[in-house]
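Q: next one to model:
(chains A and B)
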Amino acid sequence: MFFVTTAIDYTNGSPHIGHAYEKVLADVITRYHRLTGEETYFLTGVDQHGQKVQQTAEKEGISPAEYVKTVTTRFSALWEKIGVHYDGWAETTDPRHIRCVQAILSDLYAQGQIYKKTYKGFYSVRQEQFLTDRDRDETGNFGPEWGEVTEIEEENYYFKLSDHTPWLRDFLETSEDTILPGFRKSELINALEKNTGADLCISRPKERLTWGIELPFDPDFVTYVWFDALINYISFIGYAPDSSLPNFKTIWTGRPVHIIGKDILVPAHGIYWLAMLKALDFADNQMPQLLVHGWWNRSGEKMSKSLGNIVDPVELADTFGVDALRYYLVRDIHTGKDSNFDVERLVMLFNTELANELGNLCNRALNMSVRFTAGIISPGGVLTKDDTALQQSLIDCTAAYRKAMDNHEISMGLEALNRHVVHCNQYAERMKPWEINKNPENKDRLATVLHHLAESVAHCAVLLSPVLPDAAAKLAAQLKLPQLSELKLDDLTWGLIPNGHEIEKPSPVFPRIEVKAEI
RNA sequence: CGCGGGAUGGAGAAGUCAGGUAUCUCGUCAGGCUCAUAACCUGAAGAUCGUAGGUUCAAAUCCUGCUCCCGCAACCA
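A: The predicted structure is shown next:
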């Protein structure tokens, strides 16, 4: 089973383009794996607990539960709108999740992995954390970034993180494919060096925070947000058995892929989560892979509410269409790296690669078949060097596509797909079927050329389907081959179109975006 | 000496780990075609790969120094 998750989004604001990117990326990766014939399970959702939610709800004069419900709908509606199809949906206020978190806490407590101790120190209300001397600035004080800092003494519960850091360091250093892309690994290992010896405080007293999951062994406390949120990856696939959830053992069969942003690798996923799983007796070969993606910046700067440069994915989908948005989000960034969000590039990529190249290839090929051969597609006569070269291009490009997609490099996969489309257009240009058509004696040759083009479009439709499932279905519909959507990658051999197959006059699948809209 | 990422033709990127004729897209210029969504195809101009050294027969790629940009507090993928 290929099990993929995303970070669960914090329900304290509207979704922006970064949220949309992560989910589209996960959706594309899931659909690709399904296309390879693997069984897949895609889990995503929202993180609803925590102090900021509690505060915002108070400010708006409603209960946290009500507030969270409204924001959650904004997220799920967006996924519906842009074709993000998940199998499991995680909401951390779900009673099934709460039960699971509490069961895990009880279990770890019973094992002595969680203990209580008194801590006296400086506490930042804004950051919801105790500060150490390392957090002081050059003058020895806590800077304004911490907000109000007070010295308090309180009892809290701690998770024995330090028990697991030696294993974690060793595991990360010897593992090549836990942190993807690899260049993020050094950052994590550096952070681990610093963290040695410290345990993780996993409770918050209820005087400060009520909007959370109560500790099963002490009703005066709720769980620290990460201990709550991270567990979604297992709670919603039935780690604690529940008839309304899947069977954990059938989903978590190997190494799942957690798709996360670069900001929550250290320490949340790279340290806390892996240590938590270790504490729960997960074996090394069950440890998740962390696929760490980069950010969409604006003009080289981070997107943020304070800078006012947030991009609204709903607006983009309305203005340019879901195809253009999805295509752009996975085409114009290399997985792991940052990229600059640019509406003009979104339009340009849609217009050139989808409208002018692939869409137009489909349109011209099918139009010629309708006009020259009455819509009948048949293999025709003897193959020439040009024909076999085109078939070879398809084989090569499909192989390159698979290799890229296997590495989660969607951009390169699409580039490979596009390469074949360009070859098809060049082939059409050289073969000139419109010339061949002028001589009735060359009917076989004409059929061969048109067949090669149509067959290529059929393959391309399947290869495109993880990224643009709807558009792929439209291409298949124009080819009168709806069964293309049932095919797996290994089914893609030459001859998808039956001999004598009949098609009808096509219409553009990717109409050019002409409006120069301002976002 | 805090940590990490980055600097490649006008724009955006790939290539850097495993050194060997500088790649792709857009843009610009010139031409061609007419089946097609003013689409498609061909050709050209344009980069001493941030900078200064070093290693090597050979460096965008390896080593050293330096400069500049972006993250690493809040909102936040």
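Q: all contacts plus neighbour counts: C-alpha atoms, from now on.
A: Will do.
Q: distance check, the most far-flung residue of chain A relative to its centre against RNA strand B.
A: No residue in chain A sits farther from the centre than residue A:441, which is 53.2 Å out by CA atoms, centre = their mean. According to CA to the nearest atom of the strand, to the nearest Å, residue A:441 stands 18 Å off from RNA strand B.
Q: residues in contact with that residue?
A: Taking CA atoms under 8 Å, 6 or more residues apart in numbering, we find residue A:441 in contact with no residue.
Q: am I right that it is in a helix?
A: Yes. Going by DSSP: H, G, I helix; E, B strand; the rest coil, the assignment for residue A:441 places it inside a helix.
Q: gap between it and residue A:381?
A: For residue A:441, the distance to residue A:381 (CA to CA, to the nearest Å) stands at 12 Å.
Q: what about residue A:206, neighbour count?
A: Using other CA atoms under 10 Å, residue A:206 has 15 neighbouring residues.
Q: chain neighbours aside, what residue packs nearest to it?
A: Nearest non-adjacent residue to residue A:206, counting by CA to CA, 6 or more residues apart in numbering: residue A:221, 5.1 Å away.
Q: let me know the pLDDT of the one you found.
A: According to the predicted model, the pLDDT of residue A:221 comes to 95.
Q: wait, what's in contact with it?
A: Residues touching residue A:221, when contacts are defined by CA under 8 Å, 6+ apart, comprise A:203, A:204, A:205, A:206, A:214, A:215.
Q: need phi/psi at the last one.
A: This means residue A:215. Listed backbone geometry of residue A:215 is phi -70, psi 130, with angles given as degrees, to the nearest 10.
Q: shouldn't residue A:224 be in contact with residue A:205?
A: No. Assessed by CA atoms under 8 Å, residue A:224 is found out of contact with residue A:205, at 9.7 Å.
Q: quick check, the residue in the stretch 351-500 of chain A closest to RNA strand B?
A: The stretch 351-500 of chain A approaches RNA strand B most closely through residue A:359 (2.7 Å), counting by CA to the nearest atom of the strand.
Q: quick check: phi and psi at that residue.
A: Backbone dihedrals for residue A:359, given as degrees, to the nearest 10, come out at phi -60, psi -40.
Q: residue contacts, it?
A: Applying CA under 8 Å, 6+ apart, one finds that residue A:359 lies in contact with A:508, A:509, A:510.
Q: three-state assignment of the second one?
A: Translated: residue A:509. Per three-state DSSP, residue A:509 ends up coil.
Q: that one and residue A:473 touch, don't they?
A: No. With contact defined as CA under 8 Å, residue A:509 does not reach residue A:473; the gap is 10.0 Å.
Q: count of neighbours near residue A:99?
A: Neighbours of residue A:99 under the rule other CA under 10 Å: 15.
Q: leaving out the residues flanking it, which one is nearest to it?
A: Leaving aside its chain neighbours, residue A:99 sits nearest to residue A:240 (7.9 Å; criterion: CA to CA, 6+ apart).
Q: so who does that neighbour touch?
A: With contacts defined as CA under 8 Å, 6+ apart, the neighbours of residue A:240 are A:99, A:100, A:103.
Q: let me know the pLDDT of it.
A: For residue A:240, the model assigns a pLDDT of 97.
Q: SS state for it?
A: coil.
Q: give me the phi and psi for it.
A: Note on residue A:240: backbone dihedrals following degrees, to the nearest 10 are phi -100, psi 110.
Q: any idea which helix or strand comes after the helix or strand hosting residue A:370?
A: Element membership of residue A:370, judged by DSSP states H and E, is helix A:360-373. For helix A:360-373, the following helix or strand on the C-terminal side (DSSP H and E) is strand A:376-377.
Q: how about the helix or strand following that next one: buried residues?
A: Using DSSP H and E, the next helix or strand after strand A:376-377 towards the C-terminus is helix A:385-406. By neighbour count on 16 or more other CA atoms under 10 Å, the buried set for helix A:385-406 is A:387, A:390-391, A:393-398, A:400-402, A:404-405.
Q: and helix A:385-406, is it in reach of RNA strand B?
A: No. Residues of helix A:385-406 are not located near RNA strand B by CA under 7 Å from any atom of the strand, the shortest gap being 10.9 Å.
Q: contact partners of that helix?
A: Applying CA under 8 Å, 6+ apart, the set of residues contacting helix A:385-406 from outside is A:29, A:32, A:410, A:412-417, A:419-420, A:423-424, A:427, A:449, A:452, A:456, A:463, A:494.
Q: which of these are buried?
A: Among these, those classed as buried by neighbour count (16+ other CA under 10 Å) are A:29, A:32, A:410, A:412-417, A:419-420, A:424, A:427, A:449, A:452, A:456, A:463.
Q: tell me what the helix or strand containing residue A:65 is packed against?
A: Following DSSP H and E, the helix or strand that holds residue A:65 is helix A:64-81. Packing contacts for helix A:64-81, counted by 3 or more CA pairs under 8 Å, 6 or more residues apart in numbering; DSSP states H and E, involve helix A:51-60.
Q: which other helices and strands contact the helix it packs on?
A: Contact here means 3+ CA pairs under 8 Å, 6+ apart; on that basis helix A:51-60 packs against helix A:64-81.
Q: the helix it packs on: how far from the chain's middle?
A: On the basis of CA atoms, centre = their mean, to the nearest Å, helix A:64-81 is displaced by 19 Å from the centre of the chain it belongs to.
Q: what about it, near RNA strand B?
A: No. Under the criterion of CA under 7 Å from any atom of the strand, helix A:64-81 makes no contact with RNA strand B; the nearest approach is 10.6 Å.
Q: tell me which helix or strand comes right after that helix.
A: Of the helices and strands lying after helix A:64-81 in sequence (DSSP H and E), the nearest is strand A:88-91.
Q: list the buried residues of that next one.
A: Taking 16+ other CA under 10 Å as the basis for neighbour counts, the residues of strand A:88-91 that come out buried are A:89, A:90, A:91.
Q: try stretch A:276-283
A: By neighbour count with 16+ other CA under 10 Å, stretch A:276-283 contains the buried residues A:276, A:277, A:278, A:279.
Q: end-to-end on that stretch?
A: Using CA to CA, the distance between the terminal residues of stretch A:276-283 is 12 Å.
Q: give me the contact list for it.
A: A:108, A:113, A:161, A:164, A:287.
Q: among these, which are located in helices?
A: The helices in this structure, assigned by DSSP state H, contain residue A:108 from those.
Q: would you list the contacts of stretch A:276-283 in a markdown table and tack on distance to RNA strand B, neighbour count and pLDDT?
A: Listed next are the contacts of stretch A:276-283 as a markdown table, based on distance: CA to the nearest atom of the strand, whole Å; neighbours: other CA atoms under 10 Å; pLDDT from 0 to 100:
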| residue | distance to RNA strand B | neighbour count | pLDDT |
| --- | --- | --- | --- |
| A:108 | 27 | 18 | 97 |
| A:113 | 27 | 18 | 96 |
| A:161 | 20 | 23 | 93 |
| A:164 | 21 | 20 | 93 |
| A:287 | 20 | 20 | 96 |
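Q: host element of residue A:493?
A: Counting by DSSP H and E, residue A:493 is part of no helix or strand.
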